[in-house]
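1. Dropping a prediction and its sequence here:
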Amino acid sequence: MPTEDFRQATDELFQRNKVETLEWSFDFGFSGAAAEPWCNDLLDKFSAADSLTGHGVELSPLSATFSRRQRDWLAQAREEFQNRRYRHASEHFGFSEAGPIEKGAPLSVPMNEQSLHRGKEMMKRFADAAQCPVGLENLAFAFSLEDVKRQGDFIDQLISEVDGFLLLDLHNIFCQVANFNMPELELLNLYPLSKVRELHLSGGSWSRSISGRRLAVRRDTHDDAVPREVFNLTALALKLCPNVEFVILERLGYTMMEPEQQQEFRDDFDTIREILDHCYV
Amino acid sequence: MSEDLKYSEFQNALLGLLASGLPEETIIATLKSDSRFDDYRDYVDQFDPDMVAVASELMGKWARRKVD
C-alpha cells in the first residue's frame, strides 16, 4: 500500500534485502491517484528484477454486463503492463459493479451457465490486456455454505479458460472455515491446488453476528496481524500446493499507525520467512 | 426475458438492495418475491443473514455509485 505507515513498517525489510517479491495493486492510479516517488522507485526496482506481481482490485470479472468502465480499465491495464514488467497478474473472483454501483468490494455470484460464460469472456480479455499469466483470488465472502463449497471448482473452470492460476488467499480460507464451520483440509481440497501459484496472508477482525447463529463473524479486513491459524494454514498449503512461487503478506494502508503495529508486521514477515525456510529446506 | 438478462437484472437488484440500508431479512424477502428472479429463488433461499449483513456493510464502506 502506498501509504506512509506502510513505508515505515517495511523500510527495514527493503533496506535489509529481505523482500524477494513485491505485489502492486496496479489499478491504484486508474482513477487519477498518484503513488509517491518512494513507491514508484520500489515498483521500478522490483519490475527490473523481474520480481513484481500485479493484483487488480476493480475489474469486477463476474459482472453480468461488460461496461465502459471495464473497457477503460482493460485499456489502462494494457498500458500499465506494457510500461512495467510483471511476473503475472491476478484479480478477485466475484463482482462489484452492477446497477447503480460502479465499484466496491467483490461479492460472490450465482454459479451458473451465465456467470461462467461471462467470467470466461472477461478472463480472456484480462489475459489479452496483461499479456502475462493471469489468475483469480478466492473470496472470503460467501452468501451461503453452498457458495463456499462451489467456489473452488468454479474458479478452476474460469482460470482453465486462459491456462491461468489460482491465488490462494489463506486468510480468506480461514474466514470461511470460521464462518461456515468447514474443516480446513476439506475446504482446501475443493480448490485446484496444483494451480496455486501465489499465496496471500493477512489479518482481519471479528464482527457481531446479526442472526446470533455464530459467536462472531470473521472479516477479511486486512487491518491486523496474521492470526496463528493462518500461519498454520500456510504450512499446510505449502505441503498441498506444489507450484507456489510467491507468498505475499498483505496489509491495508493506515492500519499500522503505531510503531508496535509496524513491528508486528515485520515480525509476521519474519515468521513467514521461517515457515518457508522450514518447508523448502 | 433471456437468461443473460435475468442474470444482469438479478445483479442490479442485489447490489441496489445491499446498498439501500434495508435490513437483511427485507433484502432476502424482496429478492425471493420478485417474479423476475424465480430462477434464483433456491440460490437466495440459502442466503445466510449474517453474510447479507456483511455484504451490506461492505457496500456502505466501499461502494461507489455511478455518476451520470
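-> Received, thanks.

2. next SSE after the helix or strand harbouring residue A:166?
-> For residue A:166, the element it lies in under DSSP states H and E is strand A:165-169. Downstream of strand A:165-169, the next assigned helix or strand under DSSP H and E is helix A:170-180.

3. quick one: buried residues of the helix or strand that that following helix is followed by?
-> Using DSSP H and E, the helix or strand that follows helix A:170-180 in sequence is helix A:184-188. By neighbour count with 16 or more other Cβ atoms under 10 Å in any protein chain shown, helix A:184-188 contains the buried residues A:184, A:187-188. Every residue, glycine included, has its C-beta placed from N, CA and C.

4. quick one: contacts of the helix or strand following helix A:184-188?
-> Next in sequence after helix A:184-188, counting helices and strands by DSSP H and E, comes strand A:196-201. For strand A:196-201, the surrounding residues in contact (Cβ atoms under 8 Å, 6 or more residues apart in numbering or on different chains) are A:53, A:88, A:90, A:133, A:135, A:137, A:165-172, A:226, A:230-231, A:234, A:237-238, A:241, A:243-250, A:268, A:272.

5. So in that sheet, which strands flank strand A:196-201, and in what orientation?
-> strand A:165-169 (parallel), strand A:246-249 (parallel) (DSSP bridges).

6. in the chain, which helix or strand is least confident?
-> I went with chain A, as the question did not name one. The least trusted helix or strand in chain A, going by mean pLDDT, DSSP states H and E, turns out to be strand A:101-103, with a mean of 93.

7. ah, no, chain B please
-> strand B:64-65 (a mean of 92).

8. Now for residue 62: which residues touch it?
-> Just so you know, I chose chain A. Per Cβ under 8 Å, 6+ apart, neighbours of residue A:62: A:93-95, A:109, A:115, A:118-119, A:122.

9. wait, I meant chain B there
-> So residue B:62 contacts A:96, A:103-105 (Cβ under 8 Å, 6+ apart).

10. any idea of the angle the strand holding residue A:166 forms with helix A:170-180?
-> Here strand A:165-169 points in a direction 60 degrees away from that of helix A:170-180 (axes from the mean of the first three to the mean of the last three Cα atoms, to 10 degrees).

11. Compute the first-to-last residue distance for stretch A:93-105.
-> In stretch A:93-105, first residue to last residue: 11 Å (Cα to Cα, to the nearest Å).

12. Same check on stretch A:29-41?
-> 15 Å.

13. now do stretch A:247-261
-> When the end residues of stretch A:247-261 are compared by Cα to Cα, they are separated by 21 Å.

14. Tell me the buried residues in the longest helix along chain B?
-> Criterion DSSP state H: the longest helix present in chain B is helix B:3-18. Under the neighbour-count criterion of 16+ other Cβ under 10 Å, helix B:3-18 has B:6-18 buried.

15. what subset of the residues you listed is also close to chain A?
-> Counting by Cβ under 8 Å from any Cβ of the partner chain, B:6-8, B:10-16, B:18 from these sit close to chain A.

16. can you pull the contacts of the residue nearest to residue B:37 when sequence neighbours are not counted?
-> Nearest non-adjacent residue to residue B:37, counting by Cβ to Cβ, 6 or more residues apart in numbering or on different chains: residue B:10, 5.3 Å away. Counting by Cβ under 8 Å, 6+ apart, residue B:10 touches A:64, A:110, B:31, B:36-37, B:40.

17. Cool, thanks, talk later.
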